[in-house]
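*Asks:* Quick one, structure for this:
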Amino acid sequence: MARIDDPMMDHVPGPDDDRLVGDFRTMAETFARLLREDDERENARAAIEAEERRETDEHRAARARAGEMGAEWRTVQSRIDLGETSLEAVFRGEDQTSAAQALRKMSSENLRALRQSWDEADDDVTEDDDRPSPDAEFDAAVRQSHERYTEALAKIRDALELARRDV
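*Replies:* Numbering: from 1, shown residues only. This is a model prediction of the structure:
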């Protein structure tokens, strides 16, 4: 909180303040525009992903109905079609039928095998091999995202410091 004897409180607004206010307004408008554009891109990406998930789910359901994925999947898909369960209920453990339990067990085994194959891929990577494992790719993406946010924060901090000095 500003004190009465604070030199900033003695400042008389002048023409430089109008420029500074304009600069901040421009920055705010630019930032708002960038956020809107990012939201639009995110919404478009989400819509595409939702459509892809719907198509994938329809394809999986058709294969399950045809028995291509095994008896457990056929049974569970039949119950999904009748509205008795959902994939979410099956994989959250809410559906306690034997077919749902079998699917959860099979899924767990498949995920364990996938994770093991990733670990083996990590072990197989040599210095000459430039293919990172999925874990390494994820870690790199997280680091890059953190670096971008840190850089943006530093730029905002620098701009605010410059604005403070100009006042």
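
*Asks:* Which strand or helix spans residue 118?
*Replies:* Applying DSSP states H and E as the criterion places residue 118 in helix 98-124.

*Asks:* Can you spell out which helices and strands pack onto that helix?
*Replies:* Packing contacts for helix 98-124, counted by 3 or more Cβ pairs under 8 Å, 6 or more residues apart in numbering; DSSP states H and E, involve helix 71-81, helix 87-92, helix 134-166. In short, each C-beta sits where N, CA and C put it, glycine included.

*Asks:* residue ranges with poor pLDDT in the chain?
*Replies:* Scanning the chain for pLDDT under 70 picks out 1-21, 122-129, 166-167.

*Asks:* longest helix of it?
*Replies:* For the chain, the helix that runs over the most residues, judged by DSSP state H, is helix 15-65.

*Asks:* how far away is residue 135 from residue 78?
*Replies:* If you measure residue 135 against residue 78 using Cβ to Cβ, to the nearest Å, the figure is 37 Å.

*Asks:* again but with residue 136, I slipped
*Replies:* In terms of Cβ to Cβ, residue 136 sits 41 Å off from residue 78.

*Asks:* what's the answer for residue 108, then?
*Replies:* Taking Cβ to Cβ, one finds residue 108 at 22 Å from residue 78.

*Asks:* Ok, residue 23 next?
*Replies:* From residue 23 over to residue 78 (counting by Cβ to Cβ), the distance is 65 Å.

*Asks:* What of residue 30?
*Replies:* Distance from residue 30 to residue 78, by Cβ to Cβ: 55 Å.

*Asks:* okay, these two: which has more neighbours?
*Replies:* residue 78 (14 against 10; other Cβ atoms under 10 Å).

*Asks:* contacting residues around the more buried one?
*Replies:* Neighbouring residues of residue 78 by Cβ atoms under 8 Å, 6 or more residues apart in numbering: residue 65.
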